[in-house]
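In: based on what follows, work out the 3D shape:
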Amino acid sequence: MVSQYEVDEGYIDTGRNVRIADRYFEDSTQVRTWFTVRSFPDGTRNCYTIPRLKEGDRYLVRASFVHGNYDGQAFGNSVAPPLLFDLYVGVNLWRRINITKASTLYEAEIITLAPSDSLSICLANIGSGTPFISLLELRHIDNHLAYQDANQSAALLFYSRYNLGSLTNDTVSSLGIKTTRGDAYEVPGMVMGTATVAADNFTLHYSLGYGLNSSVQTTFYIYLHFADFNYLSGNGSRIFQVRADGEPDSDNISPAYLLATHVHFIHRLAYPAVATDPADVDAIMGIKKLYQMKIWQGDPCAPQQFIWSGVNCTYSSSGTPRVTSLNLSYHGLNGAIPNTFANLKALNYL
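Out: A predicted model of the protein is given here:
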């Protein structure tokens, strides 16, 4: 798969592009896509809109942030006080970004379903500095068997990724690890070609040390990928189990020789927020474009703290938010009222 990068002007109409400080260009750990950032000094919420998606398909979204002293406010390599802002996917909080070092790469990654033929990624100012972004990446997961735990009501939030044996070279295969036709995960051969083995040939133990708030109930989706490097002659077989906190989390596993095998158990991040009615969104996006309302960003009704200026919505526990009122008298608009307003079927005040 070849990655193609584009300038972001066609995906967002707010913010400004700024180069990072020259001294970071000479840092061999920095890559070209981090040399500029888009900064958002104005507005509470600024959103990218990614079009031409397949509704209901899964997408991996990765956001990257390298401060690079783009604003001249860093002290040495320190960003102090820390820069904090929130990142949203659609109408749901993805994570809070905490920037403390100018040269450090910060990343956020999520697997989510496209709720329609487009997806919005928003940066929200929470009063702790100006939000910015270096790079936004989107990968279509075209195999419907992969990451099925990401669905209409839940997404998979990235926590960590380990390529075991890649540094210690515990076990290395030069023969190449195969995948079955239609393999859902397609783990790169370079990753599958190294492994860690149990020193006593019985138990391989990992303490992941999540470091999360113990008062918040969290469930993890952990994906494990195996391959057997050692050919067993005759009727020999290798069988093992995956256990978490001493309890079995899988059936018996017996990987085939030089063939990728995948096992997972579960982490889910439930999404409580509900997006605005799609017909209302289409109608009001047309109004936004007609009147060039750049202050309108993301979903018009959700989350409720980011409801659009001049827009009122109704909310119910069993349905999607609806646009019921528009007050545009303070925006200096003039001209005839377009027919687009008629498509707001729940509108009762204009």
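In: which regions of the stretch 1-150 of the chain lie under the pLDDT threshold?
Out: 1-3, 27-31 (pLDDT under 70).
In: whoops, I mixed them up, the stretch 201-350 of the chain
Out: Those would be 207-218, 245-250, 266-272, 317-318, 335, if you go by pLDDT under 70 across the stretch 201-350 of the chain.
In: make it 50
Out: The stretch 201-350 of the chain contains residues with pLDDT under 50 at 214-216, 267-270.
In: show me where it has helices.
Out: Under the criterion DSSP state H, counting those that start in this stretch, the stretch 201-350 of the chain carries helices at the ranges 278-291.
In: just the stretch 1-150 of the chain next, same as before
Out: If DSSP H, counting those that start in this stretch is used as the criterion, the stretch 1-150 of the chain turns out to lack helices entirely.
In: show me what contacts the nearest residue to Ala227 once chain neighbours are set aside?
Out: The shortest distance from Ala227 to any residue that is not its chain neighbour, by CB to CB, 6 or more residues apart in numbering, is 4.6 Å, and that residue is Ile177. For glycine as for every other residue, the C-beta is placed from the backbone atoms N, C-alpha and C. Under the criterion of CB atoms under 8 Å, 6 or more residues apart in numbering, the contact partners of Ile177 comprise 189, 192-193, 227, 258-260.
In: report the buried members of the residues you listed.
Out: Buried subset of the contacts of Ile177 (neighbour count, 16 or more other CB atoms under 10 Å): 192-193, 227, 258, 260.
In: distance to Gly72 added to these, as JSON lines?
Out: What follows is these, written out as JSON lines (distance: CB to CB, whole Å):
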{"residue": "Met192", "distance to Gly72": "45"}
{"residue": "Gly193", "distance to Gly72": "45"}
{"residue": "Ala227", "distance to Gly72": "50"}
{"residue": "Leu258", "distance to Gly72": "54"}
{"residue": "Ala260", "distance to Gly72": "49"}
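In: tell me which of those is nearest to Ala146?
Out: Nearest to Ala146 among the buried ones among the contacts of Ile177 is Ala260, at 12.8 Å by CB to CB.
In: separation between the closest residue to the closest one other than its chain neighbours and Thr261?
Out: Take Ala260 and drop its neighbours on the chain: the residue closest to it by CB to CB, 6+ apart is Thr179, 4.9 Å away. Between Thr179 and Thr261 the distance is 10 Å, computed by CB to CB, to the nearest Å.
In: same question, Phe75
Out: As defined by CB to CB, Phe75 lies at a distance of 50 Å from Thr261.
In: which of those two has more neighbours?
Out: Between Phe75 and Thr261, counted using other CB atoms under 10 Å, Thr261 has the larger neighbour count: 17 against 9.
In: run through the bridge partners of that one.
Out: Note on Thr261: beta-bridge partners by DSSP bridges are Phe226.
In: hmm, it is touching Pro255, no?
Out: Yes. Counting by CB atoms under 8 Å, a contact exists between Thr261 and Pro255, whose distance comes to 4.2 Å.
In: nearest residue to the middle of this protein?
Out: Most central in the chain under CA atoms, centre = their mean is Ile110, positioned 2.9 Å from the mean C-alpha point.
In: that residue and Leu87 touch, don't they?
Out: No. With contact taken as CB under 8 Å, Ile110 and Leu87 are classed as non-touching, separated by 9.1 Å.
In: start to end distance for stretch 139-156?
Out: Across its full length, stretch 139-156 reaches 14 Å between end residues, using CA to CA, to the nearest Å.
In: rewinding a little: who does the residue nearest to the centre of the chain bridge with?
Out: Residues in a beta bridge with Ile110, per DSSP bridges, are Val61, Leu157.
In: which residues does it contact?
Out: By CB under 8 Å, 6+ apart, the contact list for Ile110 reads 60-61, 89, 94, 155-158.
In: quick one, strands of the stretch 151-300 of the chain?
Out: Ranges of strands in the stretch 151-300 of the chain, per DSSP state E, counting those that start in this stretch, are 154-157, 171-172, 194-195, 219-226, 243-244, 247-248, 261-270.
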